[in-house]
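Visitor: Sequence and predicted model, in that order:
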Amino acid sequence: MRAALLVLLAAVASAHAADTRPLVPLYDAAALTTACDEGLAAAQSRIKAMEATRGAGAIFDEWNRLSMRIEDLQGPVYLLSSVHPDKAVRDAAEPCLQRLNTLGTDLFQNEKLYARVKAATPRTAHQAKLKKDLIEGFEDTGAVLPPQKRARAKQIFERLETLRQAFERNIRDDPTTVTFTAAEMDGLSAAYLEAHQADAQGNYVLRLDYPSYVPFMENARSGAARERYYRAKLSEGGKENLALLEEIFGLRKELAGLYGLPSYAQYSLRRKMVRTPQTVEKFLGDVKAAVTEVEKRELEELRAAKAEDLATPLAETKLTRWDVAYYQEKLRRERYAVDQEKLRAYFPTDKAIAYTLQVSQTLYGVVFREAQVPVWHPDVRYYDVLDARTGRFVSGFYLDLYPREGKYNHAAAFPVYGVSRLAGRTPLSALVANLDRKGLNQEELTVVMHEFGHVLHQVLSRVDYNPQAGSNVKVDFAEAPSQMYEEWTRREQPLALFAKVCPGCPHLTHHDIQRLDAARRYGQGTLYARQWLFATFDMALATDPRPPLALWKQLESATPLGHVEGTMFPASFAHIASGYAAGYYGYMWSQVLALDMLTPFEKNMLDPRVGKRYLDTILSQGAQQEESAMVRRFLGREPSSEAFFAEITGRR
Ligand SMILES: [Zn+2]
């Protein structure tokens with residue numbers, strides 16, 4: 001009887017979730033345009049009504065409703081522009097995003113609304129933070145500029161959106177393939193060969209996606225083949241993107257000039273955790289000082305490995321950029337007996353996802369339940385997030401894990417809808433990646449955990465006001481929750497859970513995990529020297545814009561491996577064509593905080609009490625508090641960069 005009642009209650013609970021669960025509408029191209037027209041019109045009329053009210057009134061609540069109305073359109077359209085299998089839908093999404101961008105600019109240039117926000121007296125700390133964020137939004141968008149400059153700022157924002165779209169489209173739709181003979185596939189695993197079938201002539205035609213590119217660069221014996229693939233990958237996006245990037249940074253500088261600021265770096269960084277370019281320069285200087293010698297030592301070892309491998313005299317052996325991943329892997333196999341390709345048997349993709357979910361359920365008091373909902377591609381899966389104690393519906397997320405033509409080519413968490421507790425709105429997000437279907441190596445497992453860290457930041461958010469939801473935090477804090485989560489793919493205690501989700505899989509022993517960690521620590525100097533280079537390039541463009549390729553050549557030529565003539569890395573550096581401009585350093589800045597925030601978890605990585613404290617103080621708080629204050633509250637002290645510098649030099 002009791003059991004029957006529970007079943008009945010469960011059925012009611014799930015029917016409730018199914019009825020109220022927000023999802024991504026699956027528009028075709030025509031429906032997307034109609035939804036865009038209607039959504040924009042609805043937002044416009046709401047803005048009209050808000051303009052008509054005098055005085056502050058209930059401006060924070062009105063703003064919250066407007067923000068959700070805009071997000072109802074923007075969230076799905078932005079996601080679909082990156083993942084929809086039908087090019088017509090992706091194409092229809094772009095003008096809609098452009099119109100949304102214009103709406104956003106108009107909104108934050110609206111003098112009447114600016115006056116209402118300024119007049120408002122916050123009644124809570126969250127309202128005070130919202131007011132501050134909104135005022136900064138008005139200031140940065142041009143509400144404080146004289147009319148002529150304001151009009152120019154609007155043109156600049158519109159043009160920047162057009163350029164961003166074109167830049168990303170050129171990468172997403174890059175048709176480049178590289179053809180290899182069967183002999184050139186020597187060194188690649190049987191699983192890789194099976195996943196990339198040869199054509200009628202016996203040749204392998206490979207695209208530029210990560211599951212194809214990375215294992216090839218790590219394992220293909222032929223240096224000439226690796227060189228061809230490297231050159232193709234490092235030209236992704238094409239020459240047109242170099243011109244776009246130059247225009248983008250030129251416009252940003254002009255925008256800063258409208259405010260009388262000397263550079264876009266100044267304009268952008270004053271709103272970030274670091275506040276000033278000097279703080280970033282000092283930080284990047286410290287990073288460079290820490291990793292320069294480590295990188296040199298590592299590259300020297302790789303060069304020795306190459307000389308031995310090819311039986312060439314060391315003095316005559318030159319290490320190239322397409323050698324690095326290959327000899328790193330070779331050295332890791334020999335020195336630490338770690339073979340990333342063999343790890344795929346340990347981490348079958350489905351089980352790796354199950355592991356990620358299991359860890360998250362253990363720490364954060366939630367249950368993930370897969371549900372059948374309409375999706376944009378048969379590969380896509382959907383999960384409800386339920387409160388473990390009460391069964392209450394909390395949020396939902398999609399997983400879109402495998403590469404396909406025309407899809408976003410990195411890994412990212414897309415926020416679709418952000419939470420608002422005041423409005424009873426639940427969040428929805430999507431994890432988009434390009435994984436190997438059969439199994440992951442440890443690096444890919446780390447990518448999944450990282451992106452799921454972003455998903456949790458979004459779907460476990462519990463803020464009052466929608467604009468402060470989830471990962472809408474400062475860019476130089478945004479990576480901290482996801483980078484912190486990477487550690488759960490490296491430590492023995494959480495990894496023991498893998499046996500639970502996959503009893504049939506081979507298991508990593510204590511000794512295996514130690515070897516894996518030693519192998520990971522080897523190569524940190526090279527990795528972070530590269531991160532330093534990316535961040536320095538970004539800061540240089542944001543300070544003093546110039547032709548990106550010439551600048552890149554100059555900076556890369558000063559590195560131990562130099563520049564490879566003919567390659568054009570900046571053409572695919574999408575981060576800085578969009579939100580990470582004058583912000584790429586933020587990956588390393590966030591990591592300082594991420595590694596420091598691990599400290600309370602050190603004793604027990606699966607302690608739900610620490611998980612709850614972290615959830616309550618940081619993960620659920622979005623941007624409704626200052627980032628630095630949240631971190632201090634969680635740590636109970638000032639943050640320290642000690643763990644970060646140990647990490648990047650391989651001492652951790
Ligand atoms: Zn990230």
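Guide: Looks like it arrived, so ask away. Residues are numbered from 1 along each chain as shown.

Visitor: Can you report phi and psi for residue 425?
Guide: Phi and psi for residue 425, reported as degrees, to the nearest 10, are phi -90, psi 130.

Visitor: ok, it - how many residues close by?
Guide: 20 (other CB atoms under 10 Å). To be clear about C-beta, it is placed using only N, CA and C from the backbone, and glycine gets the same treatment.

Visitor: Could you list every helix and strand that the host helix or strand of residue 322 packs against?
Guide: According to DSSP states H and E, residue 322 maps onto helix 321-336. Applying 3 or more CB pairs under 8 Å, 6 or more residues apart in numbering; DSSP states H and E, one finds that helix 321-336 makes contact with helix 210-219, helix 223-233, helix 277-310, helix 510-521.

Visitor: residues of the longest one that come out buried?
Guide: Meaning helix 277-310. Within helix 277-310, the residues that count as buried by 16 or more other CB atoms under 10 Å are 277, 279-281, 283-284, 286-288, 290-291, 294-295, 298-299, 301-303, 305-307.

Visitor: So for it, mean pLDDT?
Guide: Averaged across helix 277-310, pLDDT comes to 97.

Visitor: Give the other helices and strands that that helix contacts.
Guide: On a contact count with 3+ CB pairs under 8 Å, 6+ apart, helix 277-310 meets helix 264-269, helix 321-336, helix 524-543, helix 586-597, helix 642-648.

Visitor: packing partners for the shortest one?
Guide: Going back to what we said before, that points to helix 264-269. Going by 3+ CB pairs under 8 Å, 6+ apart, helix 264-269 lies up against helix 238-258, helix 277-310, helix 524-543.

Visitor: and the residue of the stretch 301-450 of the chain nearest the ion?
Guide: Among the residues of the stretch 301-450 of the chain, residue 450 lies nearest to the ion; the distance is 5.6 Å by CB to the ion.

Visitor: Ignore what I typed, I meant the stretch 351-500 of the chain.
Guide: For the stretch 351-500 of the chain and the ion, the shortest gap (CB to the ion) falls at residue 482, measuring 4.4 Å.

Visitor: Leaving out sequence neighbours, find the closest residue to that residue.
Guide: Distance criterion CB to CB, 6 or more residues apart in numbering; nearest residue to residue 482, sequence neighbours excluded, is residue 453 at 3.4 Å.

Visitor: Surely the one you found is within a strand?
Guide: No: Residue 453: not assigned to a strand; according to DSSP: H, G, I helix; E, B strand; the rest coil it is helix.

Visitor: my guess is it contacts residue 487, does it?
Guide: No: using CB atoms under 8 Å, residue 453 makes no contact with residue 487, being 10.0 Å away.

Visitor: neighbour count winner among those two?
Guide: Applying other CB under 10 Å to residue 453 and residue 487 shows that residue 453 carries more neighbours, namely 24 against 18.

Visitor: which residues does the more buried one contact?
Guide: Residues in contact with residue 453 (CB atoms under 8 Å, 6 or more residues apart in numbering) are 481, 482, 483, 484, 485, 486.

Visitor: got a pLDDT number for the spatially closest residue to residue 620 that is not a sequence neighbour?
Guide: Using CB to CB, 6+ apart and skipping residues adjacent in sequence, the residue nearest residue 620 is residue 462, 4.2 Å away. pLDDT recorded at residue 462 is 97.

Visitor: Please enumerate the strands of this protein.
Guide: Using DSSP state E, the strands of the chain run over 178-180, 204-206, 366-370, 381-387, 393-400, 412-417, 428-432.

Visitor: Including mean neighbour count, distance to the ion and mean pLDDT, could the ones you listed go into TSV?
Guide: TSV is the format used below for those (neighbours: other CB atoms under 10 Å; distance: least, CB to the ion, whole Å; pLDDT from 0 to 100):
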stretch	mean neighbour count	distance to the ion	mean pLDDT
strand 178-180	18	28	98
strand 204-206	18	26	97
strand 366-370	17	20	98
strand 381-387	20	20	98
strand 393-400	24	15	98
strand 412-417	23	7	97
strand 428-432	25	11	98
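
Visitor: can you put the ones you listed in a markdown table and add distance to residue 498?
Guide: Formatted as a markdown table, these follow (distance: least, CB to CB, whole Å):
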| stretch | distance to residue 498 |
| --- | --- |
| strand 178-180 | 34 |
| strand 204-206 | 31 |
| strand 366-370 | 17 |
| strand 381-387 | 19 |
| strand 393-400 | 18 |
| strand 412-417 | 22 |
| strand 428-432 | 19 |
